[in-house]
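> The amino acid sequence is not available; the structure is as follows:
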C-alpha cells in the first residue's frame, strides 16, 4: 500500500476530517537520476489552512483532488541518483504520501546522529528559522527590552521567547492553559506568562505584566489578544506578524480596533513576514541555532502523533491548542 492524502473539499470554518480523502496508489519506481523516499515524519502547521483557500497568497493554494504537501523527513530506500545513498535521510516540502520519488533537487540531507530527525522539522528547520530570523531581522531586540510572544507555547513562539532571553530581553508569553504558562517559565525561561483563556481584559493583563510597556511583540495569533498587546506598545516598538491563527477559520472578515493611530503615535513598526524572505540567511541562522542547542541554551517541545492516518486529525488539533511545541506525525 501507498496511502496518499488529498484535499477533497475546501474547508468552511474549521477544517473537518471530511475535507480530506485517502487514496491508495502504487509505490512509484524511481527513474534515472531519481530516488525513492519513504516518509518518516510529517509536519502539520497552521499556515497550511491558508493554502486550502482558493485565493491569492504568498504560496499557491492546494488543488482539489491533489496531494497536500508540507515539511517532511523521509528515508532514501532506493537510489538512481549519484548524490544520494540508500539509508540517507532528507528533509523538504513533500506530499502527504507514504512513498514518493524525487529528483532530489529541492531536498536537504539531514544527519540523525547530530539531532533527532524530528528536530529538523522544528527547531533546526522552518520553526527555528522563523523564530530566529523574524525576531532578529525585524525586531532587532536590544538588551533590557520587553518582548511579548503570543502563541508562546507553540513551536515558533517557544523558540522566540528563548532567543529573546539569550539576547537579554524580559519575555512574557501568552498561552492557553495554566500548564502551558507554567511550562513557559519552568522549561523555556520566560519571565512571566498569561493564560488568555482565563483573562477577561488582555489590555490590563499586559499592562500588569509589562509595567514598562512593550518594546517587541512577536504575533502568532492576531485577534483580541493582539489588540490588548498593541494598546501597550512603547515608542519605536517593533511588531513582527508571523501568523494569525485566531482568525484562520473565520468565514467573514473580522473587525477590531484600527491600529494606524497607535503606530503613528508610537513611531512603531509593524511588519508581516514569511521565513522565505530571508532564505540567503538560512545557513547562518541554522549555525547559530545549532550552537545554542549544543550549548544547552535552547530546548524544545514536540507533540508527536503516531500513524500516517492521523495526519488530518493532528492538523485539525492545532486549532484547538492540543499541541505543545511542534506538532509532528511519526509514520
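Alright, I've got the coordinates. Owing to the predicted nature of the structure, the values given are computational and were not obtained by experimental measurement.

> Can you check my assumption that residue 310 lies in a helix?
Yes - counting by DSSP: H, G, I helix; E, B strand; the rest coil, residue 310 is part of a helix.

> what about it, how many neighbours?
16 (other C-beta atoms under 10 Å). Backbone N, C-alpha and C define where each C-beta goes, glycine included.

> That one contacts residue 329, correct?
Yes - using C-beta atoms under 8 Å, residue 310 is in contact with residue 329, at 5.9 Å.

> so what's residue 223 scoring on pLDDT?
Predicted confidence (pLDDT) for residue 223: 89.

> Next, count neighbours for it.
18.

> Isn't it up against residue 243?
No - here residue 223 does not reach residue 243: they are 11.1 Å apart, not a contact under C-beta under 8 Å.

> what's near enough to touch the nearest residue to residue 72 once chain neighbours are set aside?
Closest residue to residue 72 apart from its sequence neighbours, by C-beta to C-beta, 6 or more residues apart in numbering: residue 94 at 3.9 Å. By C-beta atoms under 8 Å, 6 or more residues apart in numbering, residue 94 lies in contact with 37, 39, 69-72, 74, 100, 102.

> Out of these, list just those in helices.
Judged by DSSP state H, helices contain none of the contacts of residue 94.

> The helix or strand where the residue nearest to residue 72 lies - which strands sit beside it in the sheet, and in what orientation?
Using DSSP states H and E, residue 94 falls within strand 89-95. Applying DSSP bridges to the sheet, strand 89-95 is found paired with strand 69-79 (antiparallel), strand 108-110 (antiparallel).

> Please identify the buried residues of that strand?
89-92, 94-95 (16 or more other C-beta atoms under 10 Å).

> What mean pLDDT does it get?
96.

> where in this structure is pLDDT low?
245-254 (pLDDT under 70).

> Please parse it into its domains.
3-122+301-330, 126-276 (automatic domain parsing).

> Which of the ones you listed has the highest mean neighbour count?
Most buried of these, by mean neighbour count (mean count of other C-beta atoms under 10 Å): domain 126-276, with a mean of 20.

> gap between the two ends of it?
Length of domain 126-276, first residue to last, C-alpha to C-alpha, to the nearest Å: 9 Å.

> Same check on stretch 265-275?
The first and final residues of stretch 265-275 sit 29 Å from each other (C-alpha to C-alpha).

> neighbouring contacts of it?
Residues from elsewhere that reach stretch 265-275, judged by C-beta under 8 Å, 6+ apart: 58, 126, 129-130, 133-134, 137-138, 233-242, 259, 262-263.

> Give me the subset of those lying in helices.
Assigned to helices by DSSP H, the following of these qualify: 126, 129-130, 133, 262-263.

> nearest spatial neighbour of residue 300, skipping sequence neighbours?
Closest to residue 300 by C-beta to C-beta, 6+ apart is residue 123, at 4.4 Å.

> wait, isn't the one you found in contact with residue 159?
Yes - counting by C-beta under 8 Å, residue 159 is a contact partner of residue 123 at 6.0 Å.

> Show me whatever sits in contact with both of these two.
Common neighbours of residue 123 and residue 159 (criterion: C-beta under 8 Å, 6+ apart): 298, 300.

> residue contacts, the nearest residue to residue 220 once chain neighbours are set aside?
Nearest residue to residue 220, sequence neighbours excluded (C-beta to C-beta, 6+ apart): residue 151, at 3.2 Å. Shown in contact with residue 151 (C-beta under 8 Å, 6+ apart): 157, 174-175, 220-221, 243, 245.

> Could you check how far residue 151 is from residue 265?
Using C-beta to C-beta, to the nearest Å, residue 151 is found at 26 Å from residue 265.

> Check residue 125 too.
Distance check for residue 125 against residue 265: by C-beta to C-beta, it reads 38 Å.

> likewise residue 191?
Taken as C-beta to C-beta, the span from residue 191 to residue 265 is 27 Å.

> picking that back up, output the strands paired with strand 89-95 as TSV; include the columns distance to residue 2.
Below are the strands paired with strand 89-95 laid out as TSV (distance: least, C-beta to C-beta, whole Å):
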stretch	distance to residue 2
strand 69-79	12
strand 108-110	23
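
> Nearest approach to residue 303 belongs to which of those?
Within these, the stretch nearest residue 303 is strand 69-79; the backing value is 15.1 Å (C-beta to C-beta).

> And the helices in the protein?
When secondary structure is read from DSSP H, the chain shows helices at 48-51, 126-133, 155-166, 178-186, 202-209, 223-230, 260-265, 282-294, 311-317.

> so which of the buried residues of strand 89-95 would you say is closest to residue 255?
Ranked by distance to residue 255 (C-beta to C-beta), those are led by residue 95 at 37.8 Å.

> dump the residue contacts of that closest one.
Contacts of residue 95 by C-beta under 8 Å, 6+ apart are 4, 67-69, 72.

> who touches residue 239 in this structure?
216-217, 219, 230, 233, 268-271.

> where's the closest residue to residue 77 other than its chain neighbours relative to residue 329, distance?
Leaving aside its sequence neighbours, residue 77 sits nearest to residue 38 (C-beta to C-beta, 6+ apart; 4.9 Å). Distance, residue 38 to residue 329, by C-beta to C-beta: 14 Å.
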